[in-house]
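K.L.:
only geometry, no sequence info:
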């Protein structure tokens, strides 16, 4: 090819490795040493036919230029056939970011889905199934509703695909979506259970290793019957004596003021933090082993440690316990005041005459000898009186009869106070 046929405009490849197409309009492009011309099919035909229009055809055609060292690989479209010679449709993977069920439920997934679960590509190679499992809700009710969407036999919606081959591919890919989802769900939660168990054992091991021998904060001595509480938030282990801790929990549940029941949910005596549900379960099982269960803690367990329900169902028992405890030892002003009001109200009701100093005699007796037999009988009638009022029963005649029998022995009571030099 002579230099006269080459135009002054030279098109040079900019060292790109990509293949480029350069049109030639009535001129011939200059070719560098490291480039070759790849003729097209029509150009080759004209060369072999020795036609005179080769030059014009070559000039007007589009030619592709590539580097000499560049190798062009063309993969043939293979057709797969079985042993009988029938064509096999290649199994194509559907879009794993979208799924529509026969029921009309649609699922739109993200690229991040399927990566926050324990099922990996080896255990569950189906990416779409991993996306479904990763979007399962946390609560049990929502989880059951989510899984119920896949309970139908015809899961995938094939109505939008008119191509029969695509329908076959989709059915072959999913097989039975319900079984795939449920099997993956069972595998995922079994793995979570196993890994959680290993994690709990490891944390317990670390807390046991860092725990030091401590004295019981209630008795201020080494615990005889050791019970343990693990604080997962602070990663610490607490040790208590079973008997002293059971008594403290019972006193908190039976707490009262001025004869009114005001239960307090059990707290950790070391940090004054309310015991969690898991800690309460652990304490109940440990107390049961040592035989240190009390009425309050046992009945609270029956209501799944729900204090409001427990208090509403046992309000009468708690109220009567508050009244009995309040006057049992007469060690507070409220208890003494309640008993005195009851005694002198009954005296007024029965029209019993008493002196001005009688009130002071009873006060001195309650302060010095609160467990005197005379006062103990008055306490019994006082509790019976409040039980009758609380449950709405009419027992005034019986109570008044008991009061008359006791008040007849008042002279003996006062003489004993004089003998003990409590009163003059």
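P.N.:
Looks like it arrived, so ask away. These figures come from a predicted structure and were not determined experimentally.
K.L.:
mind listing the strands for the stretch 151-300 of the chain?
P.N.:
226-231, 236-241, 256-257, 260-261 (DSSP state E, counting those that start in this stretch).
K.L.:
give the buried residues for stretch 379-394.
P.N.:
379, 381, 382, 385, 386, 387 (16 or more other CB atoms under 10 Å). Using the backbone N, CA and C atoms, a C-beta is placed for each residue, glycine as well.
K.L.:
for it, give me every contacting residue.
P.N.:
316, 319-320, 323-324, 327-328, 338-339, 342, 395-396, 399, 402-403, 406 (CB atoms under 8 Å, 6 or more residues apart in numbering).
K.L.:
switch the cut-off to 6 Å
P.N.:
323, 324, 327, 339, 342, 395, 399, 402 (CB atoms under 6 Å, 6 or more residues apart in numbering).
K.L.:
returning to what we had before: out of the buried residues of stretch 379-394, which one sits closest to residue 125?
P.N.:
residue 387 (71.9 Å; CB to CB).
K.L.:
can you check what pLDDT the model gives the closest one?
P.N.:
Predicted confidence (pLDDT) at residue 387: the value is 84.
K.L.:
can you get me the start-to-end distance on stretch 326-340?
P.N.:
13 Å (CA to CA, to the nearest Å).
K.L.:
ok, residues contacting that stretch?
P.N.:
Outside stretch 326-340, the residues touching it (CB under 6 Å, 6+ apart) are 258, 259, 366, 370, 379, 382.
K.L.:
for the second one, phi and psi?
P.N.:
Geometry field for residue 259 lists phi and psi as phi 80, psi 0, criterion degrees, to the nearest 10.
K.L.:
residues contacting it?
P.N.:
322, 323, 326.
K.L.:
quick check: closest non-adjacent residue to it.
P.N.:
Nearest residue to residue 259, sequence neighbours excluded (CB to CB, 6 or more residues apart in numbering): residue 326, at 4.8 Å.
K.L.:
quick one: the one you found is in a helix?
P.N.:
Yes - counting by DSSP: H, G, I helix; E, B strand; the rest coil, residue 326 is part of a helix.
K.L.:
do you know how far it is from residue 254?
P.N.:
11 Å (CB to CB, to the nearest Å).
K.L.:
which residue ranges form the strands in the stretch 301-424 of the chain?
P.N.:
Going by DSSP E, counting those that start in this stretch, the stretch 301-424 of the chain shows no strands.
K.L.:
which regions of it sit below the pLDDT cut-off?
P.N.:
In the predicted model of the stretch 301-424 of the chain, no residue satisfies pLDDT under 70.
K.L.:
helices of that one, residue ranges please.
P.N.:
307-313, 315-328, 333-349, 358-368, 373-390, 396-407, 410-419 (DSSP state H, counting those that start in this stretch).
K.L.:
only the buried residues of stretch 211-226, if you could.
P.N.:
Per 16+ other CB under 10 Å, stretch 211-226 contains these buried residues: 216, 217, 218, 223, 225.
K.L.:
where is the longest helix in the protein?
P.N.:
helix 177-210 (DSSP state H).
K.L.:
let me know the average pLDDT across that helix.
P.N.:
The model assigns helix 177-210 a mean pLDDT of 89.
K.L.:
tell me what it is packed against?
P.N.:
Applying 3 or more CB pairs under 6 Å, 6 or more residues apart in numbering; DSSP states H and E, one finds that helix 177-210 contacts helix 127-134.
K.L.:
and the angle from the helix it packs on to helix 177-210?
P.N.:
Counting by axes from the mean of the first three to the mean of the last three CA atoms, to 10 degrees, helix 127-134 lies at 50 degrees to helix 177-210.
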